[in-house]
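Participant: Could you look at this predicted model? Sequence included:
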Amino acid sequence: MTAKRRDFLKLENSFKRYLLEVRGLKERSTEDHIRTFRRFGNFLKGRRIGDPRRVTLNLAYEFLEERVPGRPHRSVKALHGSVRHVLRFLYFAGELRIDLSKQLITPLVWTLADIPESFTEPEIACMLENLRRETPYKYRERAIMLLLICYGLRLGELTHMKLDDIDWQDKTITIRERKNGVPLVLPILPSVEKALKDYLAYSRPKGLKTRRLWVTIHLRSKAPLNKRGIHRIVKKFLQRCGMDGSATKFRHTLATYLVNSGVSLNAIGKLLGHQKLDSSRIYAKVHWEALREVAQNYSLDM
């Protein structure tokens, strides 16, 4: 009797359970690793390799060589980390007799190896000119882009915002899903407030059970948007403006502006969530005036 044929790509669900249950990662932390798993599987498929037992260290390096060109140093290191998770899983699942993850060499990344790219003021002005209100999709796009432009939020922070995080009376937004676990309270600027109210009035479907702020608009779905969905909205908008970038680039833009405005690196680190603090409310007192100045330069009274 011949052995049952194995298919690498069919192990994706098992790989996800491994990340969650064995490695102890949070759901949102598994997305990049699962994406790498899928791409590695397609890479193997392109070489007519479906059986995970045929994975070798050379194949892992070939895959990395295809994906690395043009990537910043930190992204390269993250990709190597994801491939290491895949190799370690294959050994854990009994598909490989040797743990190849221990043999995979990860490149060293120096702290200041990459200079973060940021948008220029003319580019920000161009974005503001391209914000639209014609359709429900454009209302949603407008609100998302103003939050990125004015506050430099991480994609995960933006994705997991909830209706309850907006205090209309005190005119503040609380950002809870932060890497350092410390909530950040931000003032709502007039243009952002208007964009959010327009999105809720003309774009977000009524009567939804989910409290997540960003949802799909299609009548048959109405599900919360994930990071990939919001990433597509950002990329599509930037392409319409003739630009390239991601949510991270808006964070670099905010930090660059603050540095050029004379704000201390310590205050910028606190604002962007680079340090752990004892009090969850201290962010509400750190350079609010500088934040208002940045946001008002980057936003319009619409």
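Facilitator: Received it, and whenever you're ready, just let me know what you need. Numbers count the residues shown, from 1 in each chain.

Participant: where do the helices sit along the stretch 51-200 of the chain?
Facilitator: For the stretch 51-200 of the chain, the helices defined by DSSP state H, counting those that start in this stretch occupy 57-67, 73-92, 121-129, 136-151, 155-159, 190-202.

Participant: which stretches of the stretch 201-302 of the chain form helices?
Facilitator: Listed in chain order, the helices of the stretch 201-302 of the chain (DSSP H, counting those that start in this stretch) span 227-240, 247-260, 265-271, 288-298.

Participant: between the ones you listed, which gets the lowest average pLDDT?
Facilitator: Here these differ in mean pLDDT, and the lowest is helix 288-298 at a mean of 51.

Participant: For stretch 222-234, which outside residues touch it?
Facilitator: Outside stretch 222-234, the residues that touch it by CB atoms under 8 Å, 6 or more residues apart in numbering are 28, 31, 140-141, 144-145, 148, 155-156, 158-159, 205, 208, 210, 212, 214-216, 246-247. (Each C-beta comes from the backbone N, C-alpha and C, glycine too.)

Participant: Next one: the nearest residue to Glu193 once chain neighbours are set aside, what pLDDT does it get?
Facilitator: Spatially, and ignoring its direct neighbours in sequence, Glu193 is nearest to Lys171 (6.8 Å; CB to CB, 6 or more residues apart in numbering). The predicted structure scores Lys171 at 93 on the pLDDT scale.

Participant: For the stretch 1-150 of the chain, which residues score under the pLDDT cut-off?
Facilitator: 1-5, 69-74, 107-116 (pLDDT under 70).

Participant: if you set the cut-off to 90 instead, what comes out?
Facilitator: Residue ranges of the stretch 1-150 of the chain with pLDDT under 90: 1-7, 9, 25-32, 64-80, 104-122, 133-134, 150.

Participant: ok so, going back, neighbours of the residue nearest to Glu193, how many?
Facilitator: 14 (other CB atoms under 10 Å).
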